[in-house]
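# sequence and computational prediction follow.
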Amino acid sequence: MTAYPFLQANIEYLQSVNHPVYHWLSARDFQEDKLVSNLFINEMGLHDWRMDNGKGMFESLPPGGLYGNWLEGDKPDCSATLIVGCNLGYGVNHVLTGTPDSHKVMLVEPRPEMLIAFLGQTDLRPFFKAKKFHILIPDEDYIYQVIRNLDLQFIYGQIHLKSDIPSQQLGPEYARWSTILRGKLENFSLELSTLRFRQNVMVGNEIGNFRKALADGSLKSLEGKAAGVGGVILGAGPSLEKHVPELLKNRSHVLYTCGLQTVPVLQELGLKPHFCVAIDYDKSLLNLFTRLDPDFVQDIPLIYSTKIDPEAVKRYAGPTLPLWTVGGMGTFVMKEHDLVLDAGGNVSVTLSRLLRWCGVGHLLMVGQDYAWINNQSHSKGHHHHSTKMHKRSFHQTTKNMDGEEILTTIQYMTAKRELEDDLRQSPFPIFNLYGGGAPIEHTEAVDMATARKQGILASAPGSVDRFMTDLAACRKQGRSVRFEPRSPMWSSSLRNAEKRLGKLFRNLAANQDDIHKTLLNIELFIKQDPLYLPYLFNETVDLAGLTRAKKRYEPKDFPEFKRIAKCVLKKVREIDRKVCLPEKADHAAA
């Protein structure tokens, strides 16, 4: 096909590297007749694409002036551009040829025929091979995993999202995917900010909890044990006060679960959950215990993320069970020994994932409002309870299911969006006992009468009691995991590296390449041990600032390396002291 001179070469390359987009294209009808009839040369002498209305894509939008601002921004060498819509390649090629090789360019094109047309116009193999250009299949989970690998671009550069205006003439899916990508970027920005500024606290807590968590038991045996159980996730939104009295009138045979912060609210309302979960890692969680009655929780199991403050686990008066979560030691070293869950950014997501892993038959959301209702922020008893809320600069508005405007925040909307992304993956319907807040996508809104009539507030006979018996048995499944201390070897290696760098920095002009190679080797060394890596997140990011975000080294970079190395050794020694205990100390801790 002479109109597409590079199509075969590009497709063959994608096939040779087993690229996901090759399989995506192979599974779709890319309307070959359109490839033959829709490509033409317009009156301006430019390649154009005939749309369904008979007009050319660029007849009223010449490409010359459309992409001038697509190259704006600081630090292009360590930044990235995400593009939605490729047309025939005018915008994509403008960015590919106008940015440094280290600049990442990523494309989402929802229409297979347009992607084929684009692949036929430009030889993209050099950009593929240089790992500069990446085509993403239009799948939300796949795209989010790619975005999560852009941490260095977020920290040391910029992430640009460009929506191709000519492509938006083809259909609404382009605007929809732009909205999806913007949401994914906002989510990751919040997640990365949390990691960057709180990773030391989270993994530090996990190190402090390590030996107690091993002794407290394991959730691993619970997989699939909740068959037939109807699960309820109780949030602390204002509507909880309305719904709990109705639930108490005829206590149903369902599994009531909630976050630890919601327990004081339920204590106030008189509804005891079967278990609660805690994932918040900062010390503000400790304030909760001034409002928590020890007698009320003495028989409520707490499933705690190993990243919460160790003092919170000690203060809890009821039984405790550990939950290893992604992003810390569990990511690498515990996955062979126990359940390791991606807890997400809020406890409702954690509960949804945990309950589905346990095998519940269905889920009902209660008190999940993500907004203020009648100026009330939370149900009474919650530490953020307020009845005098007024719109401020950091607030937003959204609409409830009746079309009425209600008050919310970016944080609420981010949490709701993350929950919706999670619920989208559920193999069964999720129900929402709606109370007037923000609608939750991928749930069916129901009232109390409907929930009872449809059996949403019911479980298979005996299933809840069986599950709770299995949960109690998990506390008897403590285990021992042993690691060898490595700090002496790390200390020696980093001391030798510092000596070598010290010599190289004495003649900066002549040793730029050797400094770079030495720092790359040190970076590889620091990343090689999965036990230490999660706690060294900030140090690896700081070191990447020297290896990947620097064009030329200066005298001040050597003291920066020494600071990083000092922090690394301090953390490695702390892990050795708290995790790599000698056998006698191990038995004493257990």
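Now that the structure is in, tell me what you want to look at. Model, not experiment: these values are computed from the prediction.
# use CA for all of it now, contacts and neighbours both
Will do.
# mean confidence for stretch 443-454?
Confidence for stretch 443-454, expressed as mean pLDDT, is 93.
# err, stretch 489-500, not the other one
Stretch 489-500 shows a mean pLDDT of 96.
# repeat that for stretch 146-165.
Here the mean pLDDT over stretch 146-165 is 92, rounded to a whole number.
# list the buried ones in that stretch?
Of all the residues in stretch 146-165, those buried under the rule 16 or more other Cα atoms under 10 Å are 147-148, 150-165.
# measure it end to end?
End-to-end distance for stretch 146-165, by Cα to Cα, to the nearest Å: 24 Å.
# enumerate every residue touching Phe321.
Let me fix one detail, which is that residue 321 is Leu and not Phe. Listed by Cα atoms under 8 Å, 6 or more residues apart in numbering, the contact partners of Leu321 are Ala213, Asp216, Gly217, Ser218, Leu219, Pro301, Leu302, Ile303, Tyr304, Cys474, Arg475.
# identify the bridge partners of it.
Here Leu321 sits in beta bridges with Ile303, going by DSSP bridges.
# for it, report the pLDDT, please.
Per-residue confidence for Leu321 comes out at a pLDDT of 97.
# cool, Phe467 as well?
Per the predicted model, pLDDT is 97 at Phe467.
# can you turn the buried subset of the contacts of Leu321 into a selection I can paste into PyMOL?
Only the buried entries of these go into this PyMOL selection, using 16+ other Cα under 10 Å:
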select buried, resi 213+216+217+218+219+301+302+303+304+474+475
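# JSON lines for the contacts of Leu321, including secondary structure?
Conversion of those to JSON lines gives the following (DSSP: H, G, I helix; E, B strand; the rest coil):
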{"residue": "Ala213", "secondary structure": "helix"}
{"residue": "Asp216", "secondary structure": "helix"}
{"residue": "Gly217", "secondary structure": "coil"}
{"residue": "Ser218", "secondary structure": "coil"}
{"residue": "Leu219", "secondary structure": "coil"}
{"residue": "Pro301", "secondary structure": "coil"}
{"residue": "Leu302", "secondary structure": "strand"}
{"residue": "Ile303", "secondary structure": "strand"}
{"residue": "Tyr304", "secondary structure": "strand"}
{"residue": "Cys474", "secondary structure": "helix"}
{"residue": "Arg475", "secondary structure": "helix"}
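# between the contacts of Leu321, which is closest to Val21?
Leu219 (37.7 Å; Cα to Cα).
# give me the nearest residue to that closest one, chain neighbours excluded.
Sequence neighbours aside, Cys474 is the residue nearest to Leu219 in space, at 5.8 Å (criterion: Cα to Cα, 6 or more residues apart in numbering).
# swap in Glu109?
Nearest non-adjacent residue to Glu109, counting by Cα to Cα, 6+ apart: Gly85, 4.9 Å away.
# ok, that neighbour touching Met106?
No. With contact defined as Cα atoms under 8 Å, Gly85 and Met106 do not form a contacting pair (10.5 Å).
# show me the strands in the stretch 151-300 of the chain, by range?
Using DSSP state E, counting those that start in this stretch, the strands of the stretch 151-300 of the chain run over 159-163, 230-234, 255-259, 275-278.
# now those in a markdown table, with distance to Leu339?
Written out in a markdown table, the entries for the strands of the stretch 151-300 of the chain read as follows (distance: least, Cα to Cα, whole Å):
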| stretch | distance to Leu339 |
| --- | --- |
| strand 159-163 | 34 |
| strand 230-234 | 20 |
| strand 255-259 | 19 |
| strand 275-278 | 15 |
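# shaky segments in the stretch 1-150 of the chain?
Low-confidence segments of the stretch 1-150 of the chain, defined by pLDDT under 70: 1.
# which residues in it form helices?
For the stretch 1-150 of the chain, applying DSSP state H, counting those that start in this stretch gives helices covering 7-16, 20-26, 32-37, 90-98, 112-119, 125-129, 140-147.
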